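Chemist: Pasting the sequence and the predicted coordinates here, then a few questions.
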Amino acid sequence: GVAWKGSLIAWSNDTGVKIFDVQTNQRITFIDRPKGSASADRAACHLHWESASLLLIGWADFVKIAQVRERPAREGVPAQRYVEIVAFFHTDFLVAGLAPM
């Protein structure tokens, strides 16, 4: 799947999810596919930007919530975005899609 919000693009492949910032032309992070989850051909990855910095990731029977944060600029080093997984849980069902609440 692919999801775009503002300058951030998230996309998935067989190994996980990448988040890229088109404004800075930099990859922010790679988030692994959960260990033990069904492969992408058996259970597609679903992505949804809840806000400009909160990405919901549903893969097989797992859900991850990723928060894009920013480290402030320091001497000679520009501000940098990074991702923190703020929630992760396993369900008793396959995730068929994600939607805002």
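Modeler: Here it is on my side, so go on.
Chemist: Ignoring the adjacent residues along the chain, who's closest to residue 90?
Modeler: residue 62 (5.7 Å; CB to CB, 6 or more residues apart in numbering). Where you see a C-beta, it was placed from the backbone N, CA and C, and this is true even at glycine.
Chemist: And residue 88, by the same measure?
Modeler: According to CB to CB, 6+ apart, the nearest residue to residue 88 is residue 64 (5.0 Å).
Chemist: which of the residues in the helix or strand harbouring the one you found are buried?
Modeler: Here residue 64 is covered by strand 62-71, with elements defined by DSSP states H and E. Burial within strand 62-71, assessed by neighbour count using 16 or more other CB atoms under 10 Å, is assigned to 62-64, 66, 68.
Chemist: quick one, what contacts the nearest residue to residue 97 once chain neighbours are set aside?
Modeler: Counting by CB to CB, 6+ apart, residue 46 is the residue found nearest to residue 97 once chain neighbours are left out, at 5.3 Å. Residue 46 makes contact with 1, 56-59, 95-98, according to CB atoms under 8 Å, 6 or more residues apart in numbering.
Chemist: so what's the backbone phi/psi at residue 46?
Modeler: phi -110, psi 130 (degrees, to the nearest 10).
Chemist: What pLDDT does the model give the residue of the chain most remote from its centre?
Modeler: Residue farthest from the centre of the chain, counting by CA atoms, centre = their mean, is residue 75 at 29.5 Å. On pLDDT, residue 75 comes in at 90.
Chemist: The one 10 residues further on too?
Modeler: In the predicted model, residue 85 carries a pLDDT score of 97.
Chemist: State the distance from it to residue 48.
Modeler: 16 Å (CB to CB, to the nearest Å).
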